[in-house]
Structure formats: structure tokens, C-alpha cells
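Trainee: Output the structure for:
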Amino acid sequence: MPEALTPASPLSPPLPSTAEQRLQWGRLYGTSDALCIASAAERFGGLILVLAGDVRQARELESAVRFFLGHGEVPVLSFPDWETLPYDVFSPLPELISQRLLTLYRLGDIRRGVLIVPLSTLLQRLPPKAYLDANTLLLEVGEEMPLEPMRRRLEQAGYQCVSQVIAHGEFAVRGALLDLFPMGSSLPYRIDLFDDEIETIRTFDPETQRTIDRVQRIQMLPAREFPLDEAGITRFRQAYRNAFEGDPQASLIYREVSAGNAPGGLEYYLPLFFGQTASLFEFLPQQRLTLRFADTRERADGFLSQVGERYEQRRHDTERPILPPQRLYLSADELGAAINQGQSVLLQHHEIEARGKGFSAAHNFTTRGLPPLSFQPRTADPAAALKGYIDGFAGRILLVADSAGRREQLRETLGGFGIRPVPVENWSAFLAIDH
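Mentor: As a prediction, this is how the structure comes out:
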């Protein structure tokens with residue numbers, strides 16, 4: 001007789017009780033996976049790492065988890081993908097690099113929260129934690145900041161000197177003013193110096209260039225995930241010659257980096273800037289819970305296979321020789337070993353028939369998929385399916401709209417069919433309704 005599985009509520013999902021315990025969650029229909037993640041985050045005392053199958057699923061999960069958590073005390077972090085193809089000749093957008101560096105920095109202090117990562121992004125090798133620690137700078141009103149040394153430090157950190165600051169990773173010097181758009185910041189800053197002392201720091205609008213508010217201090221992250229200072233260039237040149245045969249001067253990449261420039265796609269040479277790279281797991285706190293979906297290994301193998309194919313297609317370009325995949329990505333086995341180092345839960349959208357080998361327990365949640373409820377405009381009652389479902393459902397029903405405007409439009413449409421939902425502001429307000 002098959003083992004009877006314990007049912008569970010998505011509002012109170014079971015969690016591993018020991019470091020060795022691994023669980024299965026099943027029957028996660030619709031957005032119930034995000035509800036379970038949010039509910040688990042409210043109860044778990046550490047960081048919850050969610051492995052999304054791809055970039056799209058990561059975005060959808062992040063949006064849904066934020067909805068269920070609201071504006072509570074549990075932060076939701078994302079570590080975005082570069083959104084370039086492996087070995088691409090284009091570099092990621094500065095906004096993506098900014099978000100990645102900010103997340104890595106915040107992981108150093110975070111003890112509780114949710115981190116959602118696309119699987120392909122998790123497989124990437126990253127700069128070591130020491131690089132981020134050594135290149136993060138705090139500037140505060142009243143401290144000394146000689147302008148010329150600061151200019152050189154910004155350039156060495158990868159910031160670009162421009163006439164007008166409008167994007168992340170840029171700075172401008174105008175007399176005793178330093179405009180700076182740090183990576184990880186939502187707004188640029190205008191630093192006013194009196195001699196060599198920081199007199200004021202103000203945020204400003206990059207479009208109008210008008211100042212907004214005064215702040216006491218700012219935090220500056222490096223402009224890139226690799227160093228382009230003198231030491232970094234020297235290390236790159238030596239590592240490049242060790243990695244590739246032939247005359248390095250024949251390579252555009254080698255020539256550009258030697259001149260202190262960052263050609264497009266330089267991110268795929270990141271390991272040459274460091275003696276040793278890291279993985280995202282090395283930035284995570286020790287107390288963590290990893291949530292992964294049933295197809296994680298299959299997706300990892302598929303992605304790494306695509307990387308291998310692109311490597312074979314591009315490896316013979318003498319002007320842009322490329323590093324083998326194992327220098328840039330974790331293997332599927334390395335990923336599995338890292339996941340198994342801590343507590344973990346396997347998520348399945350379908351119903352679990354029996355507890356899997358190696359799992360301590362399995363639970364099917366009390367959720368079910370929705371029947372077809374779309375309007376049928378050419379029938380006598382276009383909303384018949386929805387009204388029938390509402391009449392036959394014993395509990396509460398929440399209809400979600402993209403915005404306040406869409407909510408009002410939906411209420412008006414439903415009202416025309418005799419359906420009059422009560423508006424609520426968020427998920428917590430919905431749960432608080434007594435009827």
C-alpha cells in the first residue's frame with residue numbers, strides 16, 4: 001500500500017526541522033508556489049533561496065511573492081541575469097550590473113529574506129567576495145575627499161567621466177562639484193566640496209539635473225564585476241597569455257584591456273581578472289533554505305549544453321578567443337552539491353503520488369487548478385462560467401488586477417454581469433475579511 005501523504009495548507013507550509021531534512025511540496029497549482037514561498041519566508045529564520053527555471057519565471061515569482069508578502073519586514077531580493085547570450089560580444093546593461101552588485105552587497109548583511117535567481121544566472125561564476133568588500137566606499141558629509149585622488153579612484157573602479165551624468169557608472173567634475181551615479185543607487189548624487197571637505201550631498205534628477213533632497217552619506221559600489229585598475233589589467237594580461245596560445249596582440253580583447261578599455265562582452269573573460277572566482281552560494285548566509293523545482297537538473301543540463309554548443313561555434317575566432325565553459329559556469333554536479341549543503345525543498349506543480357527517495361517527507365497542498373472561466377461574448381450569458389464557479393465555491397475569492405485603473409475597469413465589467421466584488425488594497429486586507 002502506498003504511503004499516505006500529509007496534506008498541507010499554503011498559508012502554513014511545512015519546513016525542514018534539521019539541516020539534513022529534505023522535503024517535497026506537491027499540488028502547487030497557479031501561483032500557490034509563490035504563496036507557499038511567501039508563507040515560508042514569514043516563518044523561516046534565515047534566507048530562502050528560490051531557483052527559478054528561467055528569467056521569465058524569476059520575474060513572475062518575484063512579483064507574486066512581493067504581492068503576498070506586501071510591505072512587511074521580509075525583504076525580497078533578485079539577482080538578475082546579464083540578459084546576454086553566452087560568449088556574446090555585447091555587455092549587459094549598466095542597470096543590470098548595478099542591481100547585481102547591490103544584491104551581492106546586501107547579502108553580506110542580510111539574515112532573513114527571499115532571494116529569487118534564474119537557474120542560468122546561479123550557474124555563473126562571480127567575482128570573489130573580497131573584490132566587492134575592497135571596492136565599496138562610503139562617503140559622508142564633513143569628511144575629507146580630495147578631488148583628484150577621488151577622480152582617479154572612480155576611474156580605477158570602472159566609472160566613466162562624462163560631461164553630464166545620466167546613467168549608472170558615470171561621474172562628472174565641474175569645479176568644486178562632483179556628480180556621481182553609483183551602482184546600486186536609484187538616483188545620482190551631487191557632492192559639493194569646500195576645499196577638500198564634503199560640504200553637502202544632494203540627490204538630483206538625471207533628466208532635469210535639478211537637485212532633490214539632502215542626504216548625509218552615500219555608498220559607492222564598483223562600476224563593474226571585475227577591476228580595470230592597473231593591478232587588474234596586469235593580472236588579466238598574464239592570465240590571458242596563460243589561457244590562450246599565439247600572439248596576444250592579435251586579440252582585440254587583449255589590446256583593449258591593455259589600454260584600460262572595456263570592450264563589449266568582456267564579462268565572459270571575468271575569471272582572467274581574479275586568481276579565483278566565486279559562486280553565488282559563497283555570498284549567502286549559512287542559515288538558508290533552498291527551494292527548487294522538479295526540473296532543475298534537466299534545465300541545468302539543457303543550459304550547459306547550449307553553452308557548450310556556442311563555445312564550439314565561437315572557439316576558433318583568433319581575435320576573440322574564448323574561455324571554456326567550465327571556467328565561466330558551475331557544472332550541474334557542482335550545483336547539486338551546493339544545493340545539498342543546506343536545507344532544501346523540492347517543488348512540484350502536479351500531485352505527488354509517493355515520497356521520493358532521499359526525502360524525509362512529502363506534502364500535497366490543499367490547492368486545485370481553476371476550470372475555464374473566460375467570458376464567452378457570443379453566448380446569452382458571457383459570464384456564466386465565472387458566475388457558476390462563484391456560486392459553487394464555499395470560500396472567499398480574490399480577483400487580482402495589474403493596477404488601480406485596471407481594477408476599476410474590471411469592477412465595471414463585472415458589475416454589468418451582476419458580479420459586485422468588494423475592493424481590497426492588498427493580500428493582508430483580503431485575509432482579514434470575516435465573510
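
Trainee: Quick one: distance of stretch 366-378 to the chain centre.
Mentor: 32 Å (C-alpha atoms, centre = their mean, to the nearest Å).

Trainee: shaky segments in the stretch 201-350 of the chain?
Mentor: Across the stretch 201-350 of the chain, nothing is flagged by pLDDT under 70.

Trainee: Quick check: which element contains residue 214?
Mentor: Using DSSP states H and E, residue 214 maps to strand 211-215.

Trainee: contact partners of that strand?
Mentor: 187, 189, 190, 200, 201, 202, 203, 204, 205 (C-beta atoms under 8 Å, 6 or more residues apart in numbering). Just so you know, the C-beta spots here come from the backbone N, C-alpha and C atoms, and that holds for glycine as well.

Trainee: could I have that strand exported to CSV, CA atoms only?
Mentor: Output of strand 211-215 as CSV, limited to C-alpha atoms (Å, rounded to 0.1, in the frame of the first residue of the first chain):
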residue,chain,number,x,y,z
THR,A,211,18.6,68.7,-7.0
ILE,A,212,16.0,66.9,-4.9
ASP,A,213,17.0,66.1,-1.3
ARG,A,214,20.0,66.4,1.0
VAL,A,215,21.5,63.1,2.4
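
Trainee: And the helices in the chain?
Mentor: If DSSP state H is used as the criterion, the helices of the chain fall at 32-43, 55-69, 94-106, 119-122, 129-134, 147-156, 230-243, 252-258, 296-314, 325-328, 332-339, 384-392, 404-415, 427-432.

Trainee: elements contacting the first one?
Mentor: Spelled out, it's helix 32-43. In terms of contacts (3 or more C-beta pairs under 8 Å, 6 or more residues apart in numbering; DSSP states H and E), helix 32-43 is packed against strand 47-52, helix 55-69, strand 113-118, strand 288-293.

Trainee: same for the second one, what does it pack against?
Mentor: For helix 55-69, the contact count by 3+ C-beta pairs under 8 Å, 6+ apart identifies helix 32-43, strand 47-52, strand 76-78, strand 113-118, helix 119-122 as packing neighbours.

Trainee: so which of the ones you listed gets nearest residue 291?
Mentor: Nearest of the helices and strands packed on helix 55-69 to residue 291, taken as C-beta to C-beta: strand 47-52 at 4.9 Å.

Trainee: Looking at the chain, which strand is longest?
Mentor: strand 197-204 (DSSP state E).

Trainee: out of the helices and strands packed on helix 32-43, which comes closest to residue 370?
Mentor: helix 55-69 (15.5 Å).

Trainee: Just the C-alphas of that closest one, formatted as CSV.
Mentor: The C-alpha trace of helix 55-69 is given here as CSV (Å, rounded to 0.1, in the frame of the first residue of the first chain):
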residue,chain,number,x,y,z
VAL,A,55,14.4,34.7,-16.3
ARG,A,56,10.7,34.9,-17.0
GLN,A,57,9.8,32.6,-14.2
ALA,A,58,12.1,34.5,-11.9
ARG,A,59,10.3,37.8,-12.6
GLU,A,60,6.8,36.3,-12.2
LEU,A,61,7.8,34.6,-8.9
GLU,A,62,9.3,37.8,-7.6
SER,A,63,6.2,39.8,-8.5
ALA,A,64,3.9,37.3,-6.9
VAL,A,65,6.0,36.8,-3.7
ARG,A,66,6.1,40.6,-3.2
PHE,A,67,2.3,40.7,-3.6
PHE,A,68,1.8,38.0,-0.9
LEU,A,69,4.4,39.5,1.5
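
Trainee: for residue 22, what are its contacts?
Mentor: Neighbour list for residue 22: 16, 343, 344, 345, 346, 358, 359, 360 [criterion: C-beta under 8 Å, 6+ apart].

Trainee: these two touch, right, the fourth one and residue 26?
Mentor: This points to residue 345. No - the criterion here is C-beta atoms under 8 Å, and residue 345 misses it with residue 26 at 10.8 Å.

Trainee: Comparing these two, which residue is more hemmed in?
Mentor: A count of neighbours by other C-beta atoms under 10 Å puts residue 345 above the other of residue 345 and residue 26, at 24 against 20.

Trainee: do you know how far the more buried one is from residue 11?
Mentor: Between residue 345 and residue 11 the computed distance is 16 Å (C-beta to C-beta, to the nearest Å).

Trainee: How many residues are close by residue 191?
Mentor: Residue 191 has 22 neighbours, counted by other C-beta under 10 Å.

Trainee: Check residue 234 too.
Mentor: Counted with other C-beta under 10 Å, residue 234 comes out at 11.

Trainee: which residues does the closest residue in space to residue 233 that isn't next to it in sequence contact?
Mentor: Computed as C-beta to C-beta, 6 or more residues apart in numbering, the closest residue to residue 233 that is not its neighbour in sequence is residue 257, at 6.0 Å. By C-beta under 8 Å, 6+ apart, the contact set of residue 257 is 228, 233, 236, 237, 240, 263, 266, 269.

Trainee: Buried members of the contacts of strand 211-215 into ChimeraX, please.
Mentor: Buried subset of the contacts of strand 211-215, written as a ChimeraX selection, criterion 16 or more other C-beta atoms under 10 Å:
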select :189,190,201,202,203,204
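
Trainee: just the contacts of strand 211-215 now: which is nearest residue 394?
Mentor: Nearest to residue 394 out of these is residue 187 (C-beta to C-beta; 49.4 Å).
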